[in-house]
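# generate a structure from the sequence data that follows.
(2 chains)
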Amino acid sequence: MSARRWPFMTAALVAGVIALLAGAYFGLVDRQSNIVEMRGEDATAVFGITLPDTEGKDQALGQWKGKVVVVNFWATWCVPCRTEIPQFVIAQRDYGERGLQFVGIAIDEPRKVKDFEREVVLNYPSLIGGYGAIELSKTLGNRVGALPFTLIIDRAGRIAYTQLGPIKEARFESIVAQLL
Amino acid sequence: MIDSALRAFFAFLAGSMPMAAAAEPKLLEPDRAFAFSVQALDERTVEARYAIAPGYYLYREKFKFAIEPGALASAPTFPAGVIKNDEFFGKVETYRGRFAIRLSLEGVTPGKPVVVYAESQGCADAGVCYPPQSQKITLPLPQPGAQPGPAVAATPVKKSWFN
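The predicted model follows:
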């Protein structure tokens, strides 16, 4: 190898190292917030869903079309889900009048969901999904079928954002601020 | 001099590579996160084995086992787990890594196959939980005094996370 090629090699290596470090850095940022995707697909399938609420009354998700709708798949047996819900209660209180609507879909029994509703003074509906709701969430981007899984639908009925794992408060606020 | 600088670069590259790879958030499918297999130790004892990927855990109180035909002769024998102080559920026992739960069977026929039904539920440290997983494995029971039966995995494992 000729001596003249060394500067090239070194430059390439430096570039490579920078790329790797950048990848590691952004990767870590992503890791902290778990899986994050900005999307844009149609949410017609979501608005076509009808599920019973905790009183057994059927609720069509389509009734909230036109609002910024946050659909949160959760369960009472899921600790990370329980942990983030009080934050949703605050957001519903603060942004509800501006057109933000949370809808919970619980992979759970109505009785347990009712108990939890009372415990956190839930101010938005939580529908009862059963295990079928896990399959539904998979079609919406929940790759491994785990909880919590949250999607945010804009006023135009497009899925703006999905996340598997808890949403960081700051990130949630910035997304909602853009959509409201 | 250039040589040693280059070597240092390569060492640095090699050092940063796993970090970049590990930074990619990859949640496993539940059957990979909580790999399940069974083996008949003798004609009326079956071991239910779990190989849990690093960063994942199962809850002891969520395990359920059943046998067909036949029944469990007694409550399954669990190894000691790790007590976790949960902010909502208080003290809960959890399992990580590799462990086995022993099942004593009754009403089964040596030399014949038996179906083991298992249900488990767990979470990942990354902040997600998986719904209860139901698995079913058919395995042969050995004759009395014979060697233990073969280990049978719940799903065809495409790639091992442990070897």
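# where in chain A is pLDDT low?
Residue ranges of chain A with pLDDT under 70: A:1-39.
# distance check, the residue most central in space within it against chain B.
Among the residues of chain A, the one closest to the centroid is A:Thr150, at 2.5 Å (CA atoms, centre = their mean). If you measure A:Thr150 against chain B using CB to the nearest CB, to the nearest Å, the figure is 11 Å. Heads up, the C-betas are built off the backbone N, CA and C, glycines and all.
# in the sheet, who's paired with that residue?
A:Asn72, A:Gln163 (DSSP bridges).
# check contacts around A:Ile128.
A:Ile128 is in contact with A:51-54, A:106, A:108-110, A:113, counting by CB atoms under 8 Å, 6 or more residues apart in numbering or on different chains.
# my read: the residue nearest to the centre of chain A touches A:Ile167, true?
Yes. Contact status for A:Thr150 versus A:Ile167: in contact at 5.8 Å, counting by CB atoms under 8 Å.
# could you see whether chain A lies near stretch B:130-146?
Yes. Contact of stretch B:130-146 with chain A (CB under 8 Å from any CB of the partner chain) involves B:130-131.
# from chain B, how far out is A:Val120?
A:Val120 is 11 Å from chain B, by CB to the nearest CB.
# what about B:Gly145, neighbour count?
Residues lying near B:Gly145 (other CB atoms under 10 Å in any protein chain shown) number 8.
# next, it: phi, psi?
phi 80, psi -10 (degrees, to the nearest 10).
# out of the contacts of A:Ile128, which are inside strands?
A:51-52, A:106 (DSSP state E).
# rebuild those residues as TSV, extending it with neighbour count.
Shown next, in TSV, are the ones in strands among the contacts of A:Ile128 (neighbours: other CB atoms under 10 Å in any protein chain shown):
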residue	neighbour count
A:Leu51	20
A:Pro52	14
A:Ala106	27
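# nearest to chain B among those residues?
Taking CB to the nearest CB as the measure, chain B lies nearest A:Ala106 of the ones in strands among the contacts of A:Ile128, at 11.4 Å.
# quick one: that closest one and A:Cys78 touch, right?
No. Using CB under 8 Å, A:Ala106 makes no contact with A:Cys78, being 9.6 Å away.
# got JSON lines for the ones in strands among the contacts of A:Ile128, with distance to chain B too?
Formatted as JSON lines, the ones in strands among the contacts of A:Ile128 follow (distance: CB to the nearest CB, whole Å):
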{"residue": "A:Leu51", "distance to chain B": "16"}
{"residue": "A:Pro52", "distance to chain B": "19"}
{"residue": "A:Ala106", "distance to chain B": "11"}
